[in-house]
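Trainee: Quick one, structure for this:
(one chain, ligands or ions: 2)
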Amino acid sequence: MPAIDLSAEPQDVEEAARLLRGGALVAFPTETVYGLGGDATSERAVAAIFAAKGRPRFNPLISHLAASEQAADFAEFDERAREVAARFWPGPLTLVLPRRRDCAIALLAGAGLDTVAMRVPAHALAHALLHAVGRPIAAPSANRSGRVSPTTASHVREEGPCAIGLESTVLDLSAGRPTLLRPGGIPVEALEAAIGPIDRPRPGAADAPRSPGMLESHYAPALALRLDAVAALPGEALLAFGANPPSGFAEIGWLSRSGDLAEAAANLFAALRALDRPGFSGIAVMPIPEHGLGAAINDRLRRAAAPRG
Ligand code: TXA
Ligand code: MG
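Mentor: Ligands and ions are numbered 1, 2, ... in the order given. Below is the predicted model of the structure:
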C-alpha cells in the first residue's frame with residue numbers, strides 16, 4: 001500500500017490526484033475529520049468506498065469540492081444556498097440540494113436520492129488535492145489510523161491533527177423549509193442568522209424522530225419491487241444478477257452479468273431508474289448474495305420494496 005505524505009511535496013498531491021482519477025481511494029485530512037475519498041463521478045469508485053467499510057451500507061456521501069463556484073455544476077442553487085455558501089464555504093457546512101438533471105456525481109454517492117450533498121473544505125491539503133483532481137471527491141469520515149482495506153486504499157498521511165474534530169453541519173435546502181440533518185462544526189444559530197428559521201429535531205418532543213436514522217429518506221421507485229424473484233409474473237421487468245436469469249420478463253436490466261457485487265453496486269440505481277417505467281407491471285429482482293456489498297444492495301432494495309405510507 002503506497003503511503004503518501006501530502007504535507008511533503010507538491011508531487012505527492014499530484015500522485016494522490018492521479019490515483020483518485022484512476023478510481024483508487026485516498027484518505028485525506030479535512031478541517032473536520034479525515035475522509036476516505038474516491039472520485040465522486042465514478043459509480044465504481046463510490047462502490048469501492050462502501051466496500052472498504054467493514055459492514056457496508058449505502059448511506060449517502062458528501063462530495064467535496066475545491067471551490068464554491070463548482071457546486072452549481074451539480075446542484076440547483078437557490079438564494080438561501082447562495083447565501084450560506086458565500087458565508088460559510090470553505091468550511092464545515094454540508095449543503096443538501098436538488099441534483100441537476102445533468103449532475104455528474106454518481107447516483108450511488110447520493111444512495112439514489114434526487115439530492116446531492118456537497119461541501120468545500122477549509123483545509124490546505126484537501127484543497128490542493130481537490131484542485132489537482134479537478135473532480136468532486138466523495139468521502140465519508142474515516143479513521144485517521146486508516147482501518148480500511150489496504151487493497152483499495154492508498155493512505156495519505158498528514159502531520160497535524162484535523163482542526164475541528166467534529167464533522168460538518170448538514171443542512172437540507174432541497175425542500176421548502178431548511179432542515180438541520182446533523183449538527184456539526186457550524187452552529188445552527190449562525191445559519192439561522194443568515195437565512196432565517198431552520199427546522200431541527202426537537203429532543204423529547206412527541207413527534208421527534210428517536211434517532212437520526214429515522215430522518216433518513218431513501219430511494220423509492222414508482223413501480224412495486226419484488227425481491228428474490230425466480231420466475232416471471234406477467235409484464236414484469238427483471239433486475240438481473242449473474243449468468244442465468246429466468247426467462248419470460250418484459251425487459252432485463254443488468255446489475256452484473258458476472259455476478260460481481262461491486263459492479264452490481266455501481267449499476268444499482270441507474271438500472272433501477274431505467275426499469276422504473278409505467279409500461280411494466282413491476283420490477284422483479286433476482287436473489288443477491290448477502291455478503292460484502294450484497295448486504296448493502298439488499299438493504300437498499302428491501303427499503304425500496306417496503307410499502308409506503
Ligand atoms: O465533516 C464531514 O462532514 C466529514 C468530512 C470527511 O467531510 N464527512 C462526513 O461524512 O462526516 P459521513 O459520510 O460520515 O456523513 C455524511 C452525512 C450523513 O449523515 C449522511 O446521511 C448525510 O451526510 N448526507 C449525505 N448526503 C445526503 C443526502 N443526499 N441527503 C441527506 N443526507 C445526506
Ligand atoms: Mg461520519
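Trainee: Please make it C-alpha for all contacts and neighbour counts, starting now.
Mentor: Fine.
Trainee: Distance check, the residue nearest to residue 35 when sequence neighbours are not counted against ligand 1.
Mentor: Nearest non-adjacent residue to residue 35, counting by C-alpha to C-alpha, 6 or more residues apart in numbering: residue 141, 4.5 Å away. Look at residue 141 and ligand 1: by C-alpha to the nearest ligand atom, to the nearest Å, they are 4 Å apart.
Trainee: Give me the secondary structure label for residue 94.
Mentor: With DSSP: H, G, I helix; E, B strand; the rest coil as the basis, residue 94 sits in strand.
Trainee: What's the local residue count around the residue nearest to residue 35?
Mentor: For residue 141, the neighbour count with other C-alpha atoms under 10 Å is 18.
Trainee: In contact with it, which residues are there?
Mentor: When the contact criterion is C-alpha atoms under 8 Å, 6 or more residues apart in numbering, the partners of residue 141 are 33-36, 167.
Trainee: So which of those residues wins on neighbours?
Mentor: Within those, most neighbours by other C-alpha under 10 Å means residue 36, with 28 neighbours.
Trainee: thought that one was touching residue 137?
Mentor: No. Using C-alpha atoms under 8 Å as the test, residue 36 is too far from residue 137 to be in contact (9.2 Å).
Trainee: Give me the buried stretch members for stretch 118-132, please.
Mentor: By neighbour count, and taking 16 or more other C-alpha atoms under 10 Å as the criterion, the buried residues in stretch 118-132 are 118-123, 125-132.
Trainee: average pLDDT across it?
Mentor: With pLDDT averaged residue by residue, stretch 118-132 scores 97.
Trainee: Likewise for stretch 280-296?
Mentor: Here the mean pLDDT over stretch 280-296 is 97, rounded to a whole number.
Trainee: Can you tell me what sits against that stretch?
Mentor: Residues contacting stretch 280-296 (C-alpha under 8 Å, 6+ apart): 50-51, 55-58, 223-230, 232, 234-241, 245, 250, 261-262, 265, 275-276, 297-298.
Trainee: Of those, select the buried ones using a PyMOL command.
Mentor: Isolation of the buried members of these (16+ other C-alpha under 10 Å) is achieved in PyMOL through the command below:
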select buried, resi 50+51+56+57+58+223+224+225+226+227+229+232+236+237+238+239+240+241+245+250+261+262+265+275+276+297+298
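Trainee: quick one: the strands in the stretch 101-250 of the chain?
Mentor: 115-119, 137-138, 141-142, 153-157, 169-172, 179-182, 225-226, 236-241 (DSSP state E, counting those that start in this stretch).
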